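> I would like the atomic coordinates for the input below:
(2 chains)
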Amino acid sequence: MIPLTRRRLLRNLGLSAAALPFAGSLRAADAPAPKRRVIFVFSPNGTVPDEFWPDANGEGFAFKRILEPLQPFRDRTLLLKGISNQVRGDGDGHMRGMSCMLTGIELFPGNIQGGSDTPAGWASGLSIDQEIRNHLQANPATATRAGSLCLGVSVPNRADPWTRWAYAGPNQPLTPIDDPARVFQSLYGGVKDRETLGSVLDGVSAELRDFAAKASAADRELLDRHLTHVRELEQKLRQADTGAQRHPVPPPDPKLELVNDRIPDISRAQIGLLVGAFANDDARVATLQYTNSVGQARMTWLGIPDAHHTLSHDPDHAKESHEKLVKINTWFAGEIAHLAQRLASIPEADGNGNLLDNTTIVWTNELGKGNSHSQDNIPFVLVGGGLGFKTGRCLDLGGAPHNRLWLAIAHGIGHPITKFGNAALCKDGPLPLAS
Amino acid sequence: MGSVSAAPDGAAVYQAQCASCHGPRGEGVAGKSDEPLRGKRSVESLTRYIDRNMPEDEPEKCVGEDAAAVAAWIYGAFYGPDAQTKDAPRIQLSHLTREQYRQSVADLFGSFGGRPGPFAGGGLEGKYFNAEKMEQHKEHLLDRVDPSVVLDAGILAAVPKLKPDSFSVTWSGSLFAPESGDYGIRAVTQNGVRVFLNALPWREGREEVPVIDGWVSRGDEPRAEETRITLTGGRAYPLRIQFLAYGQKSASLKFEWKPPGGVWETVPTANLSKQWAPTAAVVSTAFPPDDSSHGYERGIAVNREWLDAVVAAAADLAEFASQQADALAGTKPNAPDRVEKLRNFCTAFAERAYRRPADDVLRAAVAKEFDGQAPDVAVRKTVIRVLCSPRFLYPAPPSDPADGFTAATHLALALWDSLPDEPLRKAAAEGQLKTREQIEAQARRMLDDPRTRHKLNGFFHRWLAIGSSERIAKDAKTYPDFSERLIADLLQSLELFVSDVVWTGNSDYRNLLLADYLYANPRMAAYYGLPPVEGEGFAKVTPPPGQRSGVLTHPYLLASLSYFKSTSPIHRGVFVTRSVLGRYLKPPPMAIEFMDDRFDPTLTMREKVTQLTNKPACMSCHEVINPLGFSLEHFDATGRWRDTDSGKPVDAKGTYTTTGGETVNLTGPRDLAAHAAASRDASEGFVMQLFQHTAKQAPQAFGPDTLAKTHDAFTADSYHIRNLLARIATTAAMPTPATP
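The predicted structure follows:
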């Protein structure tokens, strides 16, 4: 039942001494250097290469149909071809594609059997988002109240290597929160609960006075004490409300049901919360996971009732399926564009441009192509700035291990590690993306 | 009244010799004699007592005629029953105790769903499948009821056609939590396991959330997947366990729990059932302990911690309500009448919580919440509002009308620590809860309910001073086989015994003291030298004649009333004096620690205690305590029978003097039990304590002769405990004259 996993209300309310100060107050008083942030976005089942990769690389590239929605951000986009997930070992392509993506390291042996290969367990190392988070949290100047967010959209409630990509350490998968109400509750629940309680306690005081008026003198003493404590609590609630957010985040629609057909609304709600958290500097790292590896979303809002993973297995010559997969992937690109647009619309509180100037979105997939389960040419779409990468181009990296991209991102954040995940895959150092 | 003789003036003697410690009107003096001089000794008994013991430092100062005069005066002035009536306790406003809060909340939410049938243990339903690749349920092998959730090579070999390296099992049913508190739950396995316990049921857009998700193995490394969950006692909770072994060298599983105060063990068969149970609202907020300064828990402590807990629990439960709103209100997300259904739910929720039908004011208040606010927000706010309301928190305040709803409230609190159920609400609404007969008929109906057993179980825990077994620790050198496991067995044995006496047959209180049998499992039988027990569970066994007698000689009590290495006749004697014989003992005048190494090691425990307590100041109480404690000296610190102590034969003989001044010769445990079973003080003390535990008020608050009348009916009824409970509940529920 839910109450067990919820912390005591008063702690949530921010009324206990242990509660962290509100919104961004951990930030150093004068912080002129721009913030550096990163968001990892996952969509499943591979892309459609002929409608995804530009015909030409370099700065003169042109988006094909799938990336068309990113046109307004063409100059802020860095498209990386020729990166492959070279982590091998136990587990099928989907499992390794998912759980070795952000970790860059093998899965432990285990009992989870995929459609092929050997059974496997969890990843044997932490994920790059958590590596960066730990680095930022270790320094008071870059630490935030939440550190990182681990968000999902329509993630099945089952924990296995297909449904988890962020790891706090070996055998420690993180659960993406796919309910916007829960995300809101964990970030800002205290504010909302304080409002509700404040209005309720007002009524309770009045009722207690009535109740006491009817009681005998001896019993009244007990009720008077009760009333005193209610008043004290009301006062505490009022005082706590003075620290409001700089960038107000509205609560998600309480009627939003977590069902397949509401995926577009859930996606927008999660993006809103993610952007709000960055605007309030509650976190600087996030993962956003659409469904899961082998995800079976049915995009009825695009007129596609078929299940995504099943479609992705159809052969290249199946024209109808090909067209549907293009539409599905285009829809994901639209969500990335929306995320970029929301970030770009909010000026930085410290005057360093807007949020997108200092945030890099990394959109990827567990496979290069669905029907071949290839882990070569995995789509990596980087949108935004702040890591010192040169954008507005498409690069072909000729089959580099993806561990090297994580090194480049860590370096861009200001965390110059030389190894991440499988060390052998890091020997050529971070990918050179600055120029 | 002619006072021509020179007979002493009782009042004057009292003021001169007694008042400095007892106060001018026997009300007590802090730090001297705290306890008010109120009691039930006769004038003769008082005289004897004062003559021999008072004043404490110079008992020879007030003897003979002086003692008689003081006794007569205090008896008439404040000590005796008629005098006490003048300042009798009244029915005091009190809030729900912790347990009443938990039980009320469970029934409040539970009243909007189906109620499960009576819990019948026996195990969970297991469904076995062979798995293949990604298909867990490839081949259905068999369904059966498993007495416990344990898999090992032997058990697996017995399942025909099972492929040991690729199979799955799903167990389902319910788990019964005997006590309220935090339960450790763990699954020990090298394979995949998920445990769903009291999970919110599946609905569109929400899957069930497991309390343990250990689906992914770590190679073949064995793991203990562990969690803690708060449960409310006396209830069953839905349980489902999924298991998967795939591509691994071996397969095994143990599903274990650690109940409050218990040890890790395989969940017993008696606590697992294949029957369904609904998801229950559980209060996981920690409430501060209730005031028990009067010897029983009641809700008279109002402080910041309590209010914080009330508010935190209300917010948690509002979350539960909003998760379950449609199911509670009997509607669906897009139903056209959804708002109306939710509003009706809120009104019904409030009237059940307030234990009284909604009036116009309440209806208007609920309607107002729904006005211009999202209905789901209105539900949340109403739930918080109701659970923070004094009308929920202070049940049946003296200012409420003395009608059927008040009677129903008292009955439900007395027997269940909870809210009136549907039959009670109906009887109240139809005016069928007015006469004593009507109320008693409901009380008798309510006896046959797991909540009544739970409440009575709580009483026996209190009466027998059963705490957490973690407190019973013994020196491993002296008692190498006295394990944590054995302590848990002892507790279970004691509970089985009490439950056997109370809930079967003639429910005779005297059997609690006189029964010559006890429950034992093989481990207990081996340790205590009892007749052998077949199988693994508990069975009734009869120890050698003359050794054991009911609860007084139960090894759990004897072990808990002992020191780390040695017995403690004082602890045992005090327990017998206060709890069993119903006598008042004042706190010791000085705190003296028993230090074993200060004594000559060749002395027996009896000799050491005799030396330690031989001062006159000590003996006024210890002349009562010691012989009672000595009579149990045949039992060592773990409750095992012994014939010698420090190499000398045990001397269990003694002479005990009753409050009435009679002397009783004790030669051992059975004499003690026989005296207790026949003692009026003892049975009256039992009635008093059960009354307090049940009604959470002093019996005198219901009339000066309530205790005596209840006790008379109890003895006339062959000391029938269940009937006594029904009678107490009825008395507590009967209309009382309004207090001024």
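> from the stretch 51-200 of chain B, which residue is nearest to chain A?
B:L93 (3.7 Å; CB to the nearest CB). C-beta coordinates here come from the backbone N, C-alpha and C atoms, glycine included.
> who's in contact with the closest residue to that residue other than its chain neighbours?
Spatially, and ignoring its direct neighbours in sequence, B:L93 is nearest to A:D219 (3.7 Å; CB to CB, 6 or more residues apart in numbering or on different chains). By CB atoms under 8 Å, 6 or more residues apart in numbering or on different chains, A:D219 lies in contact with B:92-93, B:397-398.
> of all those residues, which two lie farthest apart?
Taking CB to CB as the measure, the contacts of A:D219 span a maximum distance of 10.3 Å, between B:Q92 and B:P397.
> spatially central residue in chain B, please.
B:G458 (1.3 Å; CA atoms, centre = their mean).
> any idea which helix or strand comes after the helix or strand containing that one?
Here B:G458, judged by DSSP states H and E, is contained in helix B:450-463. Per DSSP H and E, the first helix or strand lying C-terminal to helix B:450-463 is helix B:484-503.
> helix or strand right after that next one?
For helix B:484-503, the succeeding helix or strand toward the C-terminus, using DSSP H and E, is helix B:509-514.
> I figured B:A713 was touching B:R727, is that so?
Yes. Between B:A713 and B:R727 there is a contact under CB atoms under 8 Å: 6.0 Å.
> who's more crowded, those two?
The neighbour count for B:A713 versus B:R727, taken as other CB atoms under 10 Å in any protein chain shown, is higher for B:R727 (23 against 15).
> doesn't A:L405 make contact with A:L80?
Yes. Shown here, A:L80 and A:L405 form a contact pair, counting by CB under 8 Å, at 6.9 Å.
> B:Y101: neighbouring residues, count only.
25.
> actually B:M734, not the one I typed
Neighbours of B:M734 under the rule other CB under 10 Å: 17.
> do you know how far it is from B:A476?
The gap separating B:M734 from B:A476 is 54 Å, by CB to CB, to the nearest Å.
> for A:F389, give me its contacts.
Counting by CB under 8 Å, 6+ apart, A:F389 makes contact with A:78, A:360, A:382, A:408, A:412, A:433-434.
> next one: B:A637
B:A637 makes contact with B:474, B:478-479, B:559, B:562-568, according to CB under 8 Å, 6+ apart.
> filter the residues you listed down to the buried ones, ChimeraX style.
A single ChimeraX command selects the buried members of the contacts of B:A637 (16 or more other CB atoms under 10 Å in any protein chain shown):
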select /B:474,479,559,562,566,567,568
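> these two touch, right, A:R246 and A:D282?
No. Using CB under 8 Å, A:R246 makes no contact with A:D282, being 10.6 Å away.
> so which residues of the stretch 1-150 of chain B form strands?
Per DSSP state E, counting those that start in this stretch, the stretch 1-150 of chain B carries strands over the ranges B:124-132, B:135-146, B:150-151.
> quick revisit: higher neighbour count, A:R246 and A:D282?
A:D282 (23 against 11).
> so what does that one look like in phi/psi?
A:D282 adopts backbone torsions of phi -90, psi -20, taken as degrees, to the nearest 10.
> repeat for the one 5 residues further on
Listed backbone geometry of A:T287 is phi -120, psi 140, with angles given as degrees, to the nearest 10.
> run a quick neighbour tally on it.
A:T287 has 26 nearby residues by other CB under 10 Å.
> residue contacts, it?
A:39-42, A:102, A:127, A:129, A:148-151, A:165-166, A:176.
> likewise B:A364?
Contacts for B:A364 were tallied using CB under 8 Å, 6+ apart; there are none.
> what's the helix or strand for it?
Under the assignment here (DSSP H and E), B:A364 is part of helix B:360-370.
> just checking, what packs against the helix or strand just after that helix?
Where DSSP H and E defines the elements, the next helix or strand beyond helix B:360-370 is helix B:375-387. Applying 3 or more CB pairs under 8 Å, 6 or more residues apart in numbering or on different chains; DSSP states H and E, we find helix B:375-387 packed against helix A:180-214, helix B:304-329, helix B:338-354, helix B:360-370.
> now distance to A:I328 too, for the ones you listed, in CSV please.
Below are these laid out as CSV (distance: least, CB to CB, whole Å):
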stretch, distance to A:I328
helix A:180-214, 22
helix B:304-329, 32
helix B:338-354, 34
helix B:360-370, 41
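> just name the most buried of these.
helix B:304-329 (a mean of 22; mean count of other CB atoms under 10 Å in any protein chain shown).
> between A:L80 and A:L405, which contacts overlap?
With CB under 8 Å, 6+ apart as the test, A:L80 and A:L405 both reach A:380, A:431.
> list just the nearest of the contacts of B:A637 to B:A7.
B:S568 (45.7 Å).
> excluding its backbone neighbours, what's nearest the closest one?
Closest residue to B:S568 apart from its sequence neighbours, by CB to CB, 6+ apart: B:S562 at 5.1 Å.
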